[in-house]
Each structure stands twice: as C-alpha cells, then as structure tokens.
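In: Would you be able to build a 3D model of this:
(chains A and B)
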Amino acid sequence: MGVGKSQFSEEELQAYQDLTYFTKKEVLHAHQKFKALAPEKVGHNRNAKLPMSKILQYPELRANPFGDRICKVFSSSQDGDCTFEDFLDMMSVFSDAAPKAVKAEHAFRIFDFDGDDMLGIGDLRQVVDRLTAPQRLNETDMQQVLQYILDEADLDDDGALSFAEFEHIIEKSSDFSKSFCIRL
Amino acid sequence: MPWMETRYRVPDIEWNGHYSQLIDFNKGVVPPGNDQLVEPSSPQPSVDRLSVTFAVSKDEDNQREGCSNQARKEDDNAVDVKNSSNMHRISIAEEEGDEDEYSASACEIMQRRSSSRRQSRRRRRPSSPFEAEATLRRRSSVYTISSGESTCTHRTAISIEEIGSQEQIFEKLELHKEVLSGVKQQPWPLCRKIKLVRQAKSYIRRHEGVLQERLAQTRSTKDAIARISLYITKKWQYCRRELVNLQTWLVPWELRIKEIESHFGSAVASYFTFLRWLFWINLVIAAILTAFVAIPEMLTADPAAAGERKIMLKEEKIKSKHLLTLWEFEGVLKYSPFFYGWYTNQDSRSGYRLPLVYFVTNLVVYIYSFVTILRKMAENSRLSKLTEKEDECVFSWKLFTGWDFMIGNTETAYNRTASIVLGFKEALLEEAEKEKDERNWKVISMRIFVNICVISLLGLSAYAVVKMVARSSEEFEQNNWWRQNEITVVMSLITYVFPIFFEILGLLESYHPRKQLRLQLARIMVLNLLNLYSLIFALFEKIDSMTQDLRELQPTITNCTYKLIKCDDSPKQSQQLATLASLSLVLASNVTGMQNKTEILETTLPQLSFMPPNFYLNPILDDKSLEEIYNVEDYSPLDYTYDNYDDITKNELNRSSFIENITKEMNFTTQMLQQNDTSDATTFTTFENFTDTIDLSEGIDIASTTSNFFNESTVSNETTQERDHNTSTNTDTVSSTITEHLNETSSIKAEDFTMSLPVEESNTSDEYLTTAFNTNTKSSVITTELTKEPNIETTDKISTIDHYQGVIPLAEKDYIVKCFEQICNTTQDTISSSKLELKTRKKLRRLCWETMFGQELAKLTVMDLVLSIVTTLSIDFIRAVFVRYMNSCWCWDLEKQFPQYGDFKIAENILHLVNNQGMIWMGMFFSPGLTTLNLLKLGILMYLRSWAVLTCNVPHEVIFRASRSNNFYFALLLTMLFLCVLPVGYAIVWLEPSWHCGPFSGYKKIYYVATKQLTDSLPDPIKRYIFIFYLIFVKLIILQALKGMIKETDKRKPSLCLDYIASPGIVIPLIVLMTLIIYYMVSLTGSLREANNDLKIQLRHERTEERRKLFKIVKKREELSDLSFLKWKRMLPILSKKSTKTRAKDDVEIARTDVNERKCSASEVIELTDMEQDVIPQDQAQVSENNYDEKAPINSRLTRISYDSWESQSSDCAVIPEIRINEAEGKSECHSRSAFRKSHNFCLALFFYITVSCNIDSFDKV
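Out: Predicted coordinates for the structure are as follows:
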C-alpha cells in the first residue's frame, strides 16, 4: 500500500531491517496489521501507543492464553500498551527467522509471571492453569504435573527453574521454535 | 583496591589476542605481575544474556557508566583533535546520556560476542594449581565486574591509542559494525536498539568518510585494496538485502498458509509448506528441462532427420485432439516435447548436441534433487540440534511448547486446550502405568491376525498390478476404455482404498495412538513402494517383449554387402589390422554373447557393454544379412544354419578326443564355436559347411574347419605369400597356427588401432569388416548368388542392391584366397518412411518403450490427481454438507457421532505427496514434460486442499505428530528419490534404447552417448592411448571370461545380478548418495559442536545465576540484619553494656576456637541476639544459607564476624561447585565428542563401502 510506504522513510526502514528479522515488505505488512488494529489512531500518528485491549485484538494474541503476558513483555512501558515499534519487535521475535535463543529468552519472560527471573511453583501453576483454561486439572493432577516438571527440569533442586534450566529444556525440544511462532 | 586491579587486568587477558597495542597501554597502568591471571583460562565466566539483561545491578551500572563516560570523552577528544575542520559530530556530543547507554549496550554486545568467540576457539580450561586461588579471586570480583566493562576499558584504550594509524580506525569500525550486527540478538526494547543503531551508523559513516578520504590520498596498493573492499562490502550488503526483499515478495500462498495455520495450527500447515517446497523444486526442474531440452529441440532440430518421430499418421491425426486420446497421452501429446520418443538423435545444425544435452540435463536434474533434499535436511538438523528422544521431558515440553502460538481461532484454541488437558492426563496415566506390562493374549492374537491381513493385502496389490500390466501387453487392439486405463485406475484405487483398510485394521490392534499412527504410516509407505516397484518390474518385462518385437522389425537397419576385392595385390595393412581387430572382437562378442544366451536358437544381440560405439567392427550384425543370403537361395535359413550347426557340434563331439590333443587355446576356440550361433565365427563355419554339405563330402572335418578359420586369419595376415594348405592339417600345425594367431593378436595391440583409425575415418558411418575366405573346394564350381531381399529399403547412401556372383573356377586341392569385403551400413535413422508398410509403421509407433513408460507414469499422475479431487469432494465436501444440513432432521447427532466432519490426515497426505514425487522422478527421464504436468498438479492440489481444509474439515481434536521434526518428511522423500533413481539408472545402463525413436536410438546403451561424446571430444593422441589401454582391457576381459566360461557355465544368473549391482547405473547413484550422506553427517557434527558450545554457555550461565541468587539472598539478609541491628541499636542505650560484653566475648571465642563451624557461629549469633527472639530463626536460616557466600558486604560487625569466621571454610565451599561444573562440562564435551566420533566412524565406513563397491566393480570387469 502506498500509504504504508509513505509513512516511513527509507532510513527508518533500513534501521528496522537491521534490528528485526524482517524484510522491507514484512515491516510494511506489519505496519498494516498494526494499523488495522486501530485505524483512526494509527492513521494520525504512525507510532501511536495502543492500549493492551487493542493489541489483544490481534487474532493470534486473542486466542493465546498468554496474550496479556506477551503484551507486557514487549511493551516498552511495561504496562502492556504497545507502540508500533514494540509491536514490530514482538512480531520479529515471533517470526520464523528469529533464532531459538532469542525466542527462549522471551518465552521465559512471558512465563515468568512474578518477574523474579525464576519460574517458581507459582509461575508454573499459573502456566498450567492458563493452558488448560476452561477445563482445568484437578488439584492432585496439578500437583503431580508440577512435580514431574520439576523432576525433569529442575537440575539444581531449588524448586524453581532458572533461565538456564528453562533454556536447557527448550533446547532439547524441536517443537519449540516451530510452535513459538506467529506468522505475520 | 583489589577489585580495580583485577578489572584493569582483565582486558589484556581477554583481548591481547586481538589488539596487541592494548598491552602496552595497560602495562603502563598495571604491570602484569600475576601469572595466573595472564594465563588464558577464560578469566571471566561470561556474564551472559540473562545477567546482562535482567540482573544489571545498580552499582555495576554506575561503574560502567563511569568508565564508558570516560571512554567516550576521550574518544571524542581524539576525534576532535583529528578532524576538527570537517567534523559534523552531531548526535554524539549532543546527548551525553545516550552516550552512556550506547557504550554500555555496545559493551554488552561486544562482551557477548567475545564470549561466543572464545567458545568458538574451544579452549580447554587448564587445571593449574593456581586454579583454586584464581577462581577465588575471580569469584570475589565477578559480580561487580562484567567483562562488558573490560571491553569498555578496552575501548578507552583504543581511543587513546588510535590517533593516527588507520588500522585502529579500521578496528574501531569493525567494532561498531559488530555492534550493528549483534544488536539484533539483544532482547531489548526496539527503541533502545534503534538509538544504538543510529549512533553506530553515524559513527561509521563519519569515520568511513574520513577513512575513504585518507585512503584516497595515499596511493599504496594496500590502501587502494582496503578502499575497494570497503566499497564492495557496502554494496554487497545492500544487494543482499535487496535480494532477500525480492525473495519475500515472491513467496506464493503465504496468506493462505497463514490462514490455515491460524485455524489448524502448525502441524497441518506443515503439509502445505512441504507442498510449497515441493512446488519450488519442481519448478526449478521443469524450468531446467524446458530451457535446455525442450525449447532447443523445438527450435533447432532438423525435422527431416527425425524420421518417424515427429509426424503423425493420417489416422492418428484425425483423432489426435480428441479428449480420450489426450487422456491416453496419445495423439498430439505423444508427438510433442512431452515424451522421449519425440526427440531426435541428431545434433542440430547449429552444433547443439541434442542427445547429449538431453542426457546431461537429466543427470543434472537428478543430482539437483538429491542435493536440495539433503541441504534442507542438514539445515533442519542444524535447527534442532539438541533434540533427543521424545520421552525425555514429556511434561515440560507439554507445558512450554504445548501451545501453538500460531493459533488465532477461538475454536481451534478451544480444541488445543482440550488436547493439552488430554495430553497431560494421558501422560500422567502413562507415567502411572509404566511398570505394568500385561500380556493380553487376545490382543496379541489380534495383532498377529492384523499383520497377516496387511501382508496379504500388500501381496494382493502387487499381484493385481503385475497382472494388469501383463494383460495390457497381451492384446494390442483394445479400444475399450477400461482396458486401456486399467493399470492406472487399479493402481490409484489401491493407493486410495488400501490405506482405509489399514486404518480399520489398525484400530483392531489397540496400540497407543501414536504407535498406531506410525505403523499406519509405515504400512502405507510400504504399499506405495511395492506398487511402484511391481509396476516397474512388470513394465520392464513388457519392455523386454517389446524390444524383441522391435528387433524383428529391425533388419531394415543394417545393409551389409559383400564385395569381392583382389587379394593378390597385397591387401593394405590397415585391412589386415582391421581383420585382426575384428577377430579379436569376434572373440569378445562371442564371449559376451554367450553370457547372455541360454538358448541356441535365440537370436538376441550380445550385450556388448564395454565397446565404444564408434568401434563397432561388429560382425554380429551380419547374421541377419546372412539369413537373407540363405533366403535368396531358398533355404529355410534357420533350419539350415542350425542343422548345420548341429552337425558341427556333433562332429566336434565325435572328435573330442582329437580336440583334447590340441592345446588349451584351441580348446577355448572350439568351446567357443560349440556355443555360439550368431557370431561371425559361425558365419565362417557355416560358409565352410555350406560347401561341405553341398558336396556331402566326408573329407572335411570340423577340426579342419576350425583350423581353416584360423588359417584364414593367418593367411590374411601373410597374404603376400599365397600359401598352399592341406586340408588334413595335423594337430601340430593347427595348434601352431592358433598360437601364432593369438600371438599376433597380442602383438598388434600397439599399432592396431592407430592404424585402423584412418579406416574408420574414411568410411564414417559404415562399419568396415574385411573377411578373408579361404574356400576349400573339392567340387568343381560353386556358384554363389547373393542378392539382397527386395523388400529391404536401402538408404540413400547405398541405394544399389548388391548383386554379385562369385564364380570361382578352382583346381582341385587348391587353396585360393578370395577376399570379401563386407560393408555394413548402420545408418538406421534415415529410413525413408514412405517405403515402409503402413502396418509395420503403426506397429513401430507403438513399440517405443521409453515413451510407453513415460505415458504410463503420466497417466498415473493424472489419474491420481483426478482421484484426489474426487475423494476430496466426496469424502470431505459432500460429507460435510450432508452432516451440516441433515443434522437437524436426523435421529442422532451427525456432527458428534457417526459421520462427523472429516479431519485432515497430515501423515497420509504427506505420504501421498512423497509417492507422487517419486513417480515424477521415475518418469522424468522418459518424459521431460512430466515435471511441468506435476507443477500444474501441485498447484491444483494446493488450492484444492487448502479450500477443502478451510471449508469442510474441523481441527483435529488430538494431535499426535508423526514426527517431531520436519526431517522425517525429507528422509522419506530422499528414500523415495533414491529408490526411484534405481530403475531409471537400470534403464540407462542396462537396456537397449529402441532404434527408431528418442535421442539415443542407434546406441547400444543410453549412456554410451556420454562416453562417445567424451571420446570424440578428446584429442587424438590421448584417444590413442586410451584405446591401447582399452584394448588391453578388452583382452583381459576376454581371457577372464573364457576361463570363467570353461569353469562354470552354470553360474551365469548370479553373475548377471552381480553385474547389475556393479554397473554404473547402481554405483554412480550410490556414490552420489553416499557423498551426500557424508555431507549430511559433517553438517550434523557441526551442529553438535554448536550444541556443545550452547551447553557450555548454559553451564556458565547457570553458575552466574547461582551467584546472583546468593548475592540476592545476602542482600536481603543484609537488609534484615540491618533491620535487626537497628532494633538492636534502639535497645542499645539500655543494653549497651551487655552487648559490648557479648561482642567481646564473641571475639575472644572466635580467636580462641578458630573453628569454622556453622553451628558454632550460629550459636554465637544466638548468643548475640538473644534479646530478640523473633529475629533469630530468620537470621539463622540466612546464616546457614550464607555459608556459600564469601563476599558479604561488610557493613555490620555482626556479619563481619561471621564472614571472618567463614573465610577459610568458604574457600572449600566455593571450590566444590566449580569442580562440579567442570566435571559437567567435561561430560558434555565428552558427549558431543563421542557423537562426533560416531559420525566420523560412519563416514569412514561409508568410504570403505564405496571403495569396496568400486573394487567389486572393477573386479567384476577384469
């Protein structure tokens, strides 16, 4: 779209290409998507800050049980509101081209609800809860699941997963880089 | 301060490899006194990503800022000094705050990069005695000093030093560029990154400009090169980016796949990405084939030289565009670039070698397919480097990778959560029942039954296919549509119906769904392969019969004439040599002919696989003309010859005792004569016997005929002296002549071919054979009238029918040497079609087996497409419509119970694609248009499937993935490709192409086209040598074969099989495959190494993590103790006396005991704080945790006490985890090294196999 193009200077596009895993076309495409979330706002100011509720209208985020977490992690103001650059960053991390390490880092932050840089029991419980949202596991199952997870992943037996442990688990799974993807 | 010291020392350790000038600078500050610090034991455990991003503690930041501020200022000063005139330093001087951030970020990036670089160098950690101490020291400084700062100081160093030399600017630029390329990996918000990049860029621009100017001023070549390289890298980067941009513009079906992804998740979408990938491959193949084969043929080929290839008969023309004809791939399509038969075997007039190009292009395309698949596999394996067995971390994976982030549809999301819950429950159950292994006989017997059923089904399908093909070759005139299409219909039906049976049977087995799916996949794969292979075998059988038919029609090809030439005027030496050559080749041809012959009456051509076609002094072709000769004389040719032959053999058997006396060589030849029937040797003998039987004279025996045969050769060798020969030559002379002859043949090797070359050149297309007949005539006169059959249409070249009489008046008991020159014309392609009978022409047209092969596969492809459209419509669409609209008026819930909506079967569909691609690869060689057709098919499939999926399928409730990685599909595809190349290779190497159609007609084997071109293009001297070697080689083969034949005449069949295995058709693809596998393995080791590094990083990471944790705990404790201290202080006024007392007491106690036990000190603490009971438990706990920590900030006296008292203990404690980590690291390294060794071993094994197979090959030939 011509409109999308005129909104960015060549230099900006080059910078975006330097910083994300996107090509020019994809950057512009991302902007269109961003604009579609709130046409009137973005029309005025291409880098407008959209509230989290708007961002969550993006279909993949809406369906995602961690949608709000994702917004918060990527938001530059930490409250879930995103500017276009935040959005672009998000999409870039979720793109196919992003390396596993970057993805793992962000995944860790998404799953780390309390922000203590560790996935404790509480975090894990919340993750399970969100994943199984409407049905939910009963308490004994939940306990068992958490126990098994810690057995598998918690290498230093401190009752929580550090980033290193998390990354170790992720590294071994071939699915992760495929499932931790959002296509523009 | 000890910290600062280490901080300043660290840089020259880290960087002295890169920047030597640094050392000088740093030496000035701190003389590197400590040896253990200089020793490169990777001094800083890399404070990696996490600690950098999450745990940047405040004081660290401050320090860093301080340092970088300084650095920047110095830097700027330097810049100012340098270019004060033309500087436009805008942004940098303006925003100091940004500066700090910038340099901090840059430091982080650099530090990260350097750590990775350190790993890439793979330095082992030396375990020196200083290690413990060094570690301690390091530990004490670790947390406050990140190596980022070291980079920082280093940068300072650069900026101080830099003024002047360009290399330093270069280095700085490099640094900035590294920052630029590294910034992508950082998990920061984008705005920060943008700022960083802008600054780096402006810096680079500025300095690069300066640099350019400077470089422009100087004139040394080095500078010029540097300048050019700068320019080129810039342009190159730009171009690359543009290219990538272009690529993304070109990707088709992106939106469609995306939509499917959001509805069905990535598993279903993987089918479509696979389909798209296949589409690309086919596009490339089709483009290559069209551009290099089809289009040049259309433009440049000479239709006049094409013979029957490009014209349709009148009857054919009428129906040529009817749908049914097109459906059969007859008519217009048959006479189009689509099929093999259409291509000519003549080079175009412009010098484009069409047959060769056809061959080479196909070869290239096959190799391309191999390479792309393997490259893709290697790429994938690099992505999933650490994947292990899937049962390892079931729960964690379910949790962390369970959600497919691509899902954007609420219904799918709901399904997904359901499946996740189910998965969890199932995993729990499995975990609980892991131990239980009950054997249910009912289930086991059921499984046995199912397997029997499956095997019988497989057998049935193979049987059906073979039967169908056999039936199709039975009758020629079938107008019935069903009869013409039954092969394709039956095969497609099998591929569609049998999987359903398998699925039903699979349900009976009551396996775990995952295993069930896998079994199902394996069975379908086997079914497909079996089908394809039974089709191929049946087709090859059909081809066999077709080639026999063809040969019956073939006599028109060769016109052999016998010319009487004067022998008296000493035949040219060239002729003699040619004779000898031909004789040796007679031997050769006999040998090979016998290998392939089991029946005497069979008139198949010997398989002369090792002779270059231009060296065809092939006497074998003569037998046809010989028959004709007999024909003229009203003998029933076959009877005559073979009767005679029987006579010979009988005679020989009678005189076996006589023969036994003869030397071994003689034995060979008699054996040879006994067995051959179609060779020239028989020509001779029959000629001899011909006269004999006319006379019915007893005087001549077989021995003499054979001896005559050899005498002839000797006579022709020494024709200058006409020799009188006694008929009853005794054995001695026979053996002597034979040996003489053999000697001759062995001695000619050098001159032979150098001399015979001009002969070949003089009559280019004609094969030259001179035979010297020594006719022994007892009777008075023999009149031989040799005429050609009238119905033979001779070519333009020799249009005259040779008609000659040999009237030979002879005196009795005289030998007269008569020389016949036989000229065989083998220009087969220029048969004037008009003169052929219509019926034979019609028959011929159907007999082009290559085209038939291509047609069969093309038909299959189309039928497969039609069936897949039909099944999609019926099974998915109609069912969906029915369920949707009939649900309201039905007695049960259609949506939930019986028919339901269809779901998309990923695995089956992928197998279908793989199978289809296999068919394409198989048929590609014989029908270049097939790939284009397939391209169309894939496009249609793409749209059809995506439409069907989106309209009538529901997301699968439980998703069991067939395989965790995409490589599974590619492995299947690779297997398929390999298996499909085998029959094609067989056809190329082993079968004789039909003589009237296609680019390779006229060659004995298809691949001769390449060898011939190769030998033709070689310069003459080289060729000569090659021929000499070749001759020796041939002789070796002859001898070997003769020996072998005498020894074991029965073992022909196994040797045939072995021959095939050792033929180029097998060996070349095998070698290609193996090199590719080796390539794959090598890339795998690379990825394992990478994984090893990652593990190392993780370990380091873990260590810093631990430290950070402890640090945090200490901090908390500190606060708490501060708090307690405050409380304590508050109480102080009241209890000051007591407290000082206890403190003193503590000191004393510590000094006295000096025992560093936790209990002890804890008790002290208790003693200390006995006033506030509520604080104690907490405090104690923290103390007990604190015992790992050695670096507790010394704020209060209390902590100091504990710190002091634990100092020595902590050194122990600190070392232990270090050692543990080292061990773990060693283990990981071990692991990866063993993996590497494994793959290395495999490579070796492969090489070994290759050499062995090559040896077998050569051994078999020698």
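In: show me where the stretch 851-1000 of chain B has helices.
Out: Here the stretch 851-1000 of chain B has its helices, by DSSP state H, counting those that start in this stretch, at B:879-886, B:906-924, B:930-952, B:967-990.
In: can you tell which of those is closest to chain A?
Out: When the helices of the stretch 851-1000 of chain B are compared by C-beta to the nearest C-beta, helix B:967-990 sits nearest chain A, at 8.8 Å. Every residue, glycine included, has its C-beta placed from N, CA and C.
In: rewinding a little: out of the helices of the stretch 851-1000 of chain B, which comes closest to residue B:295?
Out: helix B:930-952 (12.2 Å; C-beta to C-beta).
In: Could you give me the buried positions within the closest one?
Out: B:930-935, B:937-939, B:941-942, B:944-946, B:948-949, B:952 (16 or more other C-beta atoms under 10 Å in any protein chain shown).
In: quick one, it and helix B:906-924 angle?
Out: 160 degrees (axes from the mean of the first three to the mean of the last three C-alpha atoms, to 10 degrees).
In: does the closest residue to residue A:24 other than its chain neighbours sit in a helix or strand, and which one?
Out: Take residue A:24 and drop its neighbours on the chain: the residue closest to it by C-beta to C-beta, 6 or more residues apart in numbering or on different chains is residue B:245, 5.0 Å away. If you go by DSSP states H and E, residue B:245 is part of helix B:221-250.
In: Which elements pack onto that helix?
Out: On a contact count with 3 or more C-beta pairs under 8 Å, 6 or more residues apart in numbering or on different chains; DSSP states H and E, helix B:221-250 meets helix A:24-37, helix B:166-182, helix B:190-217.
In: deepest of those, which one?
Out: helix A:24-37 (a mean of 19; mean count of other C-beta atoms under 10 Å in any protein chain shown).
In: tell me the contacts of residue A:83?
Out: Going by C-beta atoms under 8 Å, 6 or more residues apart in numbering or on different chains, residue A:83 touches A:47, A:48, A:49, A:50, A:76, B:191.
In: gap between the residue nearest to residue A:24 and residue A:10?
Out: The gap separating residue B:245 from residue A:10 is 12 Å, by C-beta to C-beta, to the nearest Å.
In: domains of chain A?
Out: Using the TED database, the domain ranges for chain A come out as A:11-94, A:100-180.
In: hang on, residue B:486 packs against residue B:467?
Out: No. The criterion here is C-beta atoms under 8 Å, and residue B:486 misses it with residue B:467 at 9.6 Å.
In: higher neighbour count, these two?
Out: Using other C-beta atoms under 10 Å in any protein chain shown, the more surrounded residue of residue B:486 and residue B:467 is residue B:486, with 18 against 15.
In: Show the contacting residues for that one.
Out: So residue B:486 contacts B:468, B:471, B:472 (C-beta under 8 Å, 6+ apart).
In: sorry, back to before: look at the residue nearest to residue A:24 and say how many residues are nearby.
Out: Going by other C-beta under 10 Å, the residues that sit close to residue B:245 add up to 17.
In: can you check the one 10 residues further on too?
Out: Other residues lying near residue B:255 total 9 when counted by other C-beta under 10 Å.
In: That one sits in which helix or strand?
Out: helix B:254-289.
In: Okay, angle between that helix and helix B:906-924 too, please.
Out: 20 degrees.
In: Past helix B:254-289, which element shows up next along the chain?
Out: helix B:295-300.
In: What are the contacting residues of that next one?
Out: By C-beta under 8 Å, 6+ apart, helix B:295-300 touches B:337, B:342, B:343, B:344, B:348, B:349, B:350, B:352, B:354, B:357.
In: what residues are up against the second one?
Out: I take that to be residue B:342. By C-beta under 8 Å, 6+ apart, the neighbours of residue B:342 are B:297, B:309, B:310, B:334, B:335, B:336, B:851, B:997.
In: just the third one next, same as before
Out: The neighbourhood of residue B:343, defined by C-beta under 8 Å, 6+ apart, consists of B:293, B:297, B:301, B:309, B:337, B:354, B:355, B:358, B:998, B:999.
In: And for residue A:70?
Out: A:61, A:64, A:90, A:110.
In: residues touching the third one, list them.
Out: So that's residue A:90. Counted by C-beta under 8 Å, 6+ apart, residue A:90 has contacts A:70, A:74, A:82.
In: Mind checking which of these land in helices?
Out: A:70, A:74 (DSSP state H).
In: Including pLDDT, could the contacts of residue A:90 go into a markdown table?
Out: Supplementary listing: the contacts of residue A:90 in a markdown table, determined by pLDDT from 0 to 100:
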| residue | pLDDT |
| --- | --- |
| A:70 | 87 |
| A:74 | 85 |
| A:82 | 84 |
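In: which among the contacts of helix B:295-300 end up buried?
Out: Judged by 16+ other C-beta under 10 Å, buried ones among the contacts of helix B:295-300: B:337, B:342, B:343, B:344, B:348, B:354, B:357.
In: tell me the centre residue of chain A?
Out: residue A:70 (3.9 Å; C-alpha atoms, centre = their mean).
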